[in-house]
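[1] What follows is a predicted protein model with its sequence.
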Amino acid sequence: MSTILTLTQGDITEQAVDAVVNAANSSLLGGGGVDGAIHRRGGPDILAECRALRAGHYGRGLPTGQAVATTAGRLPARWVIHTVGPVHSTSEDRSELLASCYRESLRIAEELGARTLAFPAISTGVYRWPIDDAARTAVTTVRAALAAAPDAFDEIRFVVFDDRARTAYEAALAED
Ligand code: AR6
């Protein structure tokens with residue numbers, strides 16, 4: 001069975017999927033945007049697990065491009081997969097780190113047995129990544145990872161907030 005890639009405009013915290021990806025920062029202790037919404041709607045259990053991760057394996061924070069899972073608390077999902085996108089830079093190409101966020105999130109999801117996964121547009125808010133380029137990186141990276149694991153997932157859902165992001169993902173999904 002092959003995985004379907006879908007696009008939804010709306011709030012990532014309302015997605016009924018096995019795992020929701022959080023556009024976190026390396027502190028794992030919350031922030032604005034997607035991160036703020038996930039902690040607000042998901043409740044304190046998520047932060048408690050994040051604090052435990054900081055007290056244990058991730059004492060120095062979660063490095064950019066990596067991912068780690070916690071409970072989803074009160075969200076309509078089983079897990080939150082926290083990943084740290086790169087801040088966009090004009091002096092250095094950090095695309096590989098952005099791609100790594102998608103690959104590592106998929107790897108963790110597969111380990112968990114999550115078959116449906118929702119991704120926000122990582123790095124395109126506070127971290128200022130241009131949306132067209134971010135959408136292309138998201139779609140091509142996910143497609144490449146799925147080619148290597150064709151039976152692992154049922155649905156990968158890209159969740160965007162605004163019209164501009166929706167247009168960018170529609171274009172990226174229409175490309176081969
Ligand atoms: N549902 C779906 N998409 C959303 C939502 C939502 N509820 N809220 C925002 N977006 P951002 P980043 C879109 O800033 O750029 C935090 O403070 C938004 O329009 O959430 O990776 C963290 O703690 C944008 O297109 O993530 C970090 O410090 C996209 O989601 C930092 O921001 C990502 O925007 C991470 O910055």
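    Noted; the coordinates are in hand.

[2] Check the chain and tell me which residue is nearest its centre.
    Relative to the mean C-alpha position of the chain, the nearest C-alpha, by C-alpha atoms, centre = their mean, is the one of Val21, at 3.4 Å.

[3] any idea how far Ala55 is from that residue?
    Distance, Val21 to Ala55, by C-beta to C-beta, to the nearest Å: 23 Å. In this view, the C-beta of every residue, glycine as well, is placed from N, C-alpha and C.

[4] cool, Gly31 as well?
    Distance, Gly31 to Ala55, using C-beta to C-beta: 19 Å.

[5] Mind checking which of these two has more residues around it?
    It is Gly31, of Gly31 and Ala55, that has more neighbours when counted by other C-beta atoms under 10 Å, with 17 against 9.

[6] Can you give me the neighbour number for the residue nearest to the more buried one when sequence neighbours are not counted?
    In this structure, Gly31 finds its nearest non-sequential neighbour in Asn25, 5.3 Å apart by C-beta to C-beta, 6 or more residues apart in numbering. As a burial measure, the neighbour count of Asn25 was computed by other C-beta under 10 Å and equals 21.

[7] Could you do Gly30 as well?
    Applying other C-beta under 10 Å, we find 16 other residues in the vicinity of Gly30.

[8] swap in Asp176?
    4.

[9] Same question for Ala16.
    Ala16: 10 surrounding residues under other C-beta under 10 Å.

[10] For it, which non-adjacent residue is closest in space?
    Excluding its sequence neighbours, the residue lying closest to Ala16 (C-beta to C-beta, 6+ apart) is Pro76, at 4.3 Å.

[11] and the one you found, what does it touch?
    If a contact means C-beta atoms under 8 Å, 6 or more residues apart in numbering, then Pro76 has 14-16 as its contacts.
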